[in-house]
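Engineer: Build me a model:
(4 chains)
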There are 2 protein chains.
Amino acid sequence: MLSKKTKYALHALTHLGQKEERTPVQIQEISEAYGISHKFLENILLELKKAGILGSKKGKGGGYYLIKEPKDIPLSKIIRLLDGPIALVPCASLNYYETCVECKDEATCGIHKVMIKVRDEMLKTLDNKNLEDILKE
Amino acid sequence: MLSKKTKYALHALTHLGQKEERTPVQIQEISEAYGISHKFLENILLELKKAGILGSKKGKGGGYYLIKEPKDIPLSKIIRLLDGPIALVPCASLNYYETCVECKDEATCGIHKVMIKVRDEMLKTLDNKNLEDILKE
DNA sequence: TATAAAACCTATAAAAAAAGTAGGGTAAGT
DNA sequence: ACTTACCCTACTTTTTTTATAGGTTTTATA
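Structural biologist: Here you go, the predicted model:
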């Protein structure tokens, strides 16, 4: 399951994507709309900004806005950013690879091989769905 | 990512599946083979038994053994049993459905609709891979 | 240029979940 | 009878997630 962080990110991005114009939206507007703690959301939006998904403007009248086209923001990117790996086991992760401690030999581990396939299929699904798909629904 | 519980379950099932015969295997043999705490593994095997995947025999010479064909044990079943929902959000879960608190109206929620599709695709992947696939690799 | 508004940043605390531990009960084989 | 090993419940520790706190910096505007 997704963490609240990721879910909140999806709501925030959806909210920003629904606006006709890409003018700055304040944290408070979003936090109130979905009942998210202001400060918690702040951290999330900051991460989205650092990842190049959002832009921001400081000072009065400032806020956050999308700097990418919704169709160019796949679910995989959002999930990886806030939740971490897509793969089900560390040894099958592309971006967060780690050896599995209880595994003796990756080369002969059936779990490893199957999980690589699972990861590929999941990735196909999550790369293929983006913010635009959410907005269209 | 999968919990250690689920990973341990996969290792245990693989171990049991690799045996030629379906004679009882003691917890200790499995816990030592993978460096899993005896007691922790005990709980896991018990759950697998209650789910009808394993059988057990008490007393001397007892232990656990597979009572299902590896091809009839899909990953989805193991994951659901030990980790819970396959879906990424509670409102998209078949077996563990819950409404999402921050969501006003499921019927118009784009996230919900996209997540249903994601769940369907993930389920297809995980229903389609089973213990036999792990053993064959 | 002072003031207020809003993002930015770092650290810490609280809560929840996962992982592991303990200890005894129960059934079955020898 | 005795031992082995599953069965069951409760508890503790650790880790992760969620949330809070408090200050700094930037910008609009009066």
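Engineer: okay, now the domains of chain A?
Structural biologist: A:4-66, A:73-136 (automatic domain parsing).
Engineer: Can you give the distance of the first one from its chain's centre?
Structural biologist: Think domain A:4-66. Its chain's C-alpha centre and that of domain A:4-66 lie 13 Å apart, by CA atoms, centre = their mean, to the nearest Å.
Engineer: End to end on that domain, go ahead and measure it.
Structural biologist: For domain A:4-66, the first-to-last residue distance is 21 Å (CA to CA, to the nearest Å).
Engineer: Report the mean confidence score over that domain.
Structural biologist: Regarding domain A:4-66, the rounded mean pLDDT is 96.
Engineer: Out of the domains of chain A, which is closest to DNA strand C?
Structural biologist: Among the domains of chain A, domain A:4-66 comes nearest to DNA strand C, with 3.4 Å by CB to the nearest atom of the strand. C-beta here means a position set from N, CA and C on the backbone, and glycine is covered the same way.
Engineer: Around chain B, pick out the residues from chain A.
Structural biologist: A:1-2, A:7-8, A:10-11, A:14, A:34-36, A:75, A:79, A:84-85, A:87-90, A:100-102, A:109-111, A:113-114, A:117-118, A:121-122, A:125-126, A:129, A:133-137 (CB under 8 Å from any CB of the partner chain).
Engineer: how about a cut-off of 7 Å?
Structural biologist: Residues of chain A that fall close to chain B, judged by CB under 7 Å from any CB of the partner chain: A:1-2, A:7, A:10-11, A:14, A:34-36, A:85, A:88-89, A:102, A:110-111, A:113-114, A:118, A:121-122, A:125, A:129, A:133-135, A:137.
Engineer: Restricted to buried residues, select these in PyMOL.
Structural biologist: In PyMOL syntax, the buried subset of the residues of chain A next to chain B is picked out as below (16 or more other CB atoms under 10 Å in any protein chain shown):
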select buried, chain A and resi 1+2+7+10+11+14+34+36+85+88+89+102+110+111+113+114+118+121+122+125+129+133+134
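Engineer: hey, where'd the strands end up in chain A?
Structural biologist: Counting by DSSP state E, one finds strands in chain A at the ranges A:54-57, A:63-66.
Engineer: ranking those strands by burial, who's on top?
Structural biologist: Among the strands of chain A, strand A:63-66 has the highest mean neighbour count (mean count of other CB atoms under 10 Å in any protein chain shown), at a mean of 20.
Engineer: For that one, which helices and strands make contact with it?
Structural biologist: On a contact count with 3 or more CB pairs under 7 Å, 6 or more residues apart in numbering or on different chains; DSSP states H and E, strand A:63-66 meets helix A:4-18, strand A:54-57.
Engineer: With respect to DNA strand D, which of the ones you listed lies nearest?
Structural biologist: Among the helices and strands packed on strand A:63-66, the nearest to DNA strand D by CB to the nearest atom of the strand is helix A:4-18 (3.5 Å).
Engineer: still on that earlier bit, tabulate the helices and strands packed on strand A:63-66 (CSV), appending distance to B:Gly63.
Structural biologist: Written out in CSV, the entries for those read as follows (distance: least, CB to CB, whole Å):
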stretch, distance to B:Gly63
helix A:4-18, 41
strand A:54-57, 55
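Engineer: From A:Thr99, how far out is A:Cys91?
Structural biologist: For A:Cys91, the distance to A:Thr99 equals 6 Å [CB to CB, to the nearest Å].
Engineer: hey, what's in contact with both of the two?
Structural biologist: A:Glu106 (CB atoms under 7 Å, 6 or more residues apart in numbering or on different chains).
Engineer: circling back to that earlier point, how about the helices and strands packed on strand A:63-66, which one is nearest B:Arg22?
Structural biologist: Checking those against B:Arg22 by CB to CB gives helix A:4-18 as the closest, at 42.3 Å.
Engineer: so, in contact with DNA strand C or not, the closest one?
Structural biologist: No: contact of helix A:4-18 with DNA strand C (CB under 7 Å from any atom of the strand) is absent, the minimum separation being 10.1 Å.
Engineer: Mind telling me which residue is nearest the centre of chain A?
Structural biologist: Against the mean C-alpha coordinate of chain A, by CA atoms, centre = their mean, the closest residue is A:Ile78 at 1.3 Å.
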